[in-house]
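1. the sequence isn't on hand, but the structure is:
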């Protein structure tokens, strides 16, 4: 892609998200979401391949449906209540409709059907943008809308997302689909806690962005898109293979890695709110995610590549890649647990 076009599209992505962040009016927030969608579509379809075009079309139709629903719900709220302010979404019908539309935008269950298929059709760089940056705008709106939504709906969406996110990734061999189901599960944890402790939901989102970025960049460095190609990483780069395994375990929530931090705090808060059964259910569904992360670690660190390789080995002529983003995100993924008190205090105040 032409560098000028690329800079223009990335600037538009930043503009759309910033506009959504700064908006107090629903029309401006909707415009920010639309700018985001329009800017990422050329990035998704830049590889003129039928799979990429299919993923782009699915993404466009899904996002257009969600955006139209948001515009319909907020217009209805203005008609019924006379308010366009984001924090004045007071009618139950419009609040529920807006929440479901935002859930469709970021891929929460039961409106998750598009995310694994779309992510599978993209390259790892665009998939990284879709899994991280594109979550920021809608999640900001969810943070503001959540107090007006029925708590039962949020709990049901959160529980269903944690269950489907864990269950859906069990039988996958494609890394991008595994990361899509991982995204659904992590977002489910955030939605569960968002009504009780919004600062914990925000902390979970920040750490999810760091951990997912490290995972995507590790896979990109290994040029791995499925488990079989990931199994060759030990032969190519043993150090990166060890770090990738630790990053995956952090995503699974094992101490003393960073991924343990949000799960621990969320379970603690759910128990304080008198919801021990929901906390237990979440912990059990997290075992599904831990299983497929351990499956990837096993394929990468505990298996030996065959003597006669039957797959193409692009690593022999790979171009040099910058490792600074990978090193920073990996450091954050592995070593932020001791800073838990400082991060929680910073978000609260």
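-> Here it is on my side, so go on. Here the structure is a predicted model, which means the values were calculated and not measured.
2. just the buried positions in stretch 338-345, please.
-> For stretch 338-345, burial by neighbour count (16 or more other C-beta atoms under 10 Å) applies to 340, 343, 344. The C-beta positions use only the backbone N, C-alpha and C, and glycine is treated the same way.
3. filter the residues you listed down to just the ones in strands.
-> Judged by DSSP state E, the subset of those located in strands is empty.
4. can I get the residues you listed in CSV including pLDDT and distance to residue 243?
-> As requested, those are exported to CSV (pLDDT from 0 to 100; distance: C-beta to C-beta, whole Å):
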residue, pLDDT, distance to residue 243
340, 79, 22
343, 80, 22
344, 81, 27
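5. now, which of those sits nearest residue 118?
-> Closest approach between the buried residues of stretch 338-345 and residue 118, by C-beta to C-beta: residue 343, at 31.5 Å.
6. do I have it right that residue 289 meets residue 250?
-> No. Here residue 289 lies out of contact with residue 250, judged by C-beta atoms under 8 Å, at a distance of 11.8 Å.
7. ok, the two, which is more surrounded?
-> Using other C-beta atoms under 10 Å as the criterion, residue 289 and residue 250 rank with residue 250 on top: 29 against 25.
8. and the more buried one, what does it touch?
-> Contact analysis of residue 250 by C-beta atoms under 8 Å, 6 or more residues apart in numbering lists 211, 257, 258, 259, 260, 333, 334.
9. make TSV out of the residues you listed and add neighbour count.
-> As requested, the contacts of residue 250 are exported to TSV (neighbours: other C-beta atoms under 10 Å):
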residue	neighbour count
211	29
257	21
258	25
259	29
260	17
333	26
334	19
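10. still on that earlier bit, can you redo the buried residues of stretch 338-345 as CSV with distance to residue 123?
-> Listed next are the buried residues of stretch 338-345 as CSV, based on distance: C-beta to C-beta, whole Å:
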residue, distance to residue 123
340, 35
343, 32
344, 36
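11. lowest-pLDDT helix or strand in the protein?
-> Scoring the helices and strands of the chain by mean pLDDT, DSSP states H and E places helix 233-236 at the bottom, with a mean of 77.
12. for that one, name the packing helices and strands.
-> Taking 3 or more C-beta pairs under 8 Å, 6 or more residues apart in numbering; DSSP states H and E as contact, the helices and strands that helix 233-236 lies on are helix 238-252, helix 276-301.
13. thinking again about what came up before, of the contacts of residue 250, which belong to helices?
-> Judged by DSSP state H, the contacts of residue 250 include 211, 260, 333, 334 as members of helices.
14. which of those sits closest to residue 134?
-> Nearest to residue 134, judged by C-beta to C-beta, of those is residue 211 at 16.5 Å.
15. kindly provide the distance from that closest one to residue 186.
-> Distance of residue 211 to residue 186, computed by C-beta to C-beta, to the nearest Å: 9 Å.
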